[in-house]
Structures are given as C-alpha cells and as structure tokens.
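J.: Sequence first, predicted model second:
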Amino acid sequence: MTIQLKSAFMSAALAALILPAAAQTATSGPAQAPTPQKPTTIQQRDKNQQDRIANGIKSGELTPNEASHLEGQEQKLNNEVKDMRQDNGGKLTAADKQKVTNQENHLSRQIYNQKHDAQTTNPDPKTVGGQRAENQQDRIANGVKNGSLTPGETSRLENQEKDIHQEARTMRQQNGGTLTQADKQRLNHQQNVESRRIYRAKHNGRNR
C-alpha cells in the first residue's frame, strides 16, 4: 500500500470519529446554566407558615393551646414587620430582612417541634361534643389557610377552644369519665358562642 493511500485511509477514519461528536455538539448546543430560583419573600414565607399551622390544626397535630401560641408569635412578628416598614418609608432594610428571616426560621422550628410532639387533639367523633369540636377546628383551619382569619384572631379563637376543651376534661374527671346532662348543655352553649365568634372573625373584612 502506498504512503498516499495509507494517508487517505487515516484521514477518512479520523473524519468518521470527529463528525458524530461535532453533530452531537451542534444538536445539544452549549450547556445551559441552571435557572436561579427567586428567593422566598417575607409574604410567601408567612403564607407557608400559616399553611403549616392550618394543616396542623386540621389534622389534630396542633392542640388549641399550641396553635394559639404559634399564632400569637406570628402576630407579634407581623406587627414588628409593619413597624419596620413604617420606620423606613414602607420598605425593609437589609438588616430588617435578615432579622425577620431569623425569626421566621425560629418560628418554623417551633411549628415543626409542636406538630411532632406527643400532644394531639383527637376529639371523640362518636359524641356530639367531639364532632362539634372537630368541626370548629376545621373551620378555624380553613380560615387560617384562606387568609380570612388573621394570626391574632386565630390565636384568640384557639385560646377559647383550649378553655372549652379544658373545662370538658375537668367535667369528665369529676364524673367518672362521663358528662352529665347539665355538663353537655353548658358545653353546647359555649360551643354555640364559639361558633358565632368564628363566623364573625372570618367575615369581618380583616384578612391576613
């Protein structure tokens, strides 16, 4: 085989190797950088926290006392953010944002811990009182989730729910684990009052 023929074979082999790689590069194009995700805003973070609290109320993972405490913390933080904005012409400084983020992180851990502790709300669905207690909690949870209840309103409602639950527990302890007819009437009246409070709070025009 002549030198010229060998050279021609070598060139053809090289071209066969290079062309597929070049075609692949042309087809796929240059590697795309990952699209940067927008940082979570304070408003979105607040909504996420409220959704987690609402889910905890609805599932029974958060007791009325725990929910009241968490919503009180949310209200306190919201008031602080409002004051910060007023002090800076409606905006938050970088230092303000960092402070709020740290507080939201702390609150997030509190929500997680209280949803995963041993305390739960599990009203007896077989009793009228248990069904009503569960319905009240569901209504509050829905108000938290859709924003018709502010953190302050939720905190007050859950605190009142806590008082009713505690009173029912005390009544049962005093009567061998059962409720007397008078006890049931008293609790039913209190739940009627609480039901009206929930309705008014959800329809008063104040939203989160």
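T.: All right, it came through fine.

J.: any idea how far Gly205 is from Thr150?
T.: Noted for Gly205: a distance of 11 Å to Thr150, by CB to CB, to the nearest Å. C-beta: built from backbone N, CA, C; applies to glycine.

J.: of those two, who's got more company?
T.: A direct count of neighbours by other CB atoms under 10 Å for Gly205 and Thr150 places Thr150 higher, at 21 against 5.

J.: residues in contact with the residue most central in space within the chain?
T.: For the chain, Arg52 is the residue whose C-alpha lies nearest the centre (CA atoms, centre = their mean; 2.3 Å). By CB atoms under 8 Å, 6 or more residues apart in numbering, Arg52 lies in contact with 111, 115.

J.: Could you list the low-pLDDT ranges of this protein?
T.: Low-confidence segments of the chain, defined by pLDDT under 70: 1-39, 122-128.

J.: need the helices for it, in chain order.
T.: Counting by DSSP state H, the chain has helices at residues 3-28, 42-59, 64-87, 94-115, 128-146, 151-174, 181-202.

J.: The ones you listed into CSV, with extra columns for distance to Thr121?
T.: Formatted as CSV, those follow (distance: least, CB to CB, whole Å):
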stretch, distance to Thr121
helix 3-28, 55
helix 42-59, 8
helix 64-87, 7
helix 94-115, 12
helix 128-146, 7
helix 151-174, 8
helix 181-202, 15
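
J.: Skipping adjacent residues, who's closest to Ser148 in space?
T.: Distances taken as CB to CB, 6 or more residues apart in numbering put Lys202 closest to Ser148, at 4.4 Å, once the chain neighbours are dropped.

J.: Then Gly56?
T.: Spatially, and ignoring its direct neighbours in sequence, Gly56 is nearest to Leu62 (3.6 Å; CB to CB, 6+ apart).

J.: do the same with Thr40
T.: The shortest distance from Thr40 to any residue other than its chain neighbours is 7.6 Å, reached at Asn48 (CB to CB, 6+ apart).

J.: what's near enough to touch the nearest residue to Thr180 once chain neighbours are set aside?
T.: Leaving aside its sequence neighbours, Thr180 sits nearest to Met171 (CB to CB, 6+ apart; 7.6 Å). By CB under 8 Å, 6+ apart, the contact set of Met171 is 179-180, 183, 187.

J.: In PyMOL, select just the buried ones from the residues you listed.
T.: A single PyMOL command selects the buried members of the contacts of Met171 (16 or more other CB atoms under 10 Å):
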select buried, resi 179+183+187
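
J.: want to throw the contacts of Met171 into JSON lines with distance to Gln160?
T.: As requested, the contacts of Met171 are arranged in JSON lines below (distance: CB to CB, whole Å):
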{"residue": "Leu179", "distance to Gln160": "19"}
{"residue": "Thr180", "distance to Gln160": "22"}
{"residue": "Asp183", "distance to Gln160": "18"}
{"residue": "Leu187", "distance to Gln160": "13"}
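
J.: Tell me the one of the contacts of Met171 nearest Lys115?
T.: Nearest to Lys115 among the contacts of Met171 is Leu187, at 26.8 Å by CB to CB.

J.: The closest one is in contact with Ile164, isn't it?
T.: Yes: when contacts are counted by CB atoms under 8 Å, Leu187 is listed as touching Ile164 (6.7 Å).

J.: how about stretch 76-94: buried residues?
T.: Applying a neighbour-count criterion of 16+ other CB under 10 Å, one finds 77-78, 81, 84, 92 buried in stretch 76-94.

J.: All set, thanks.
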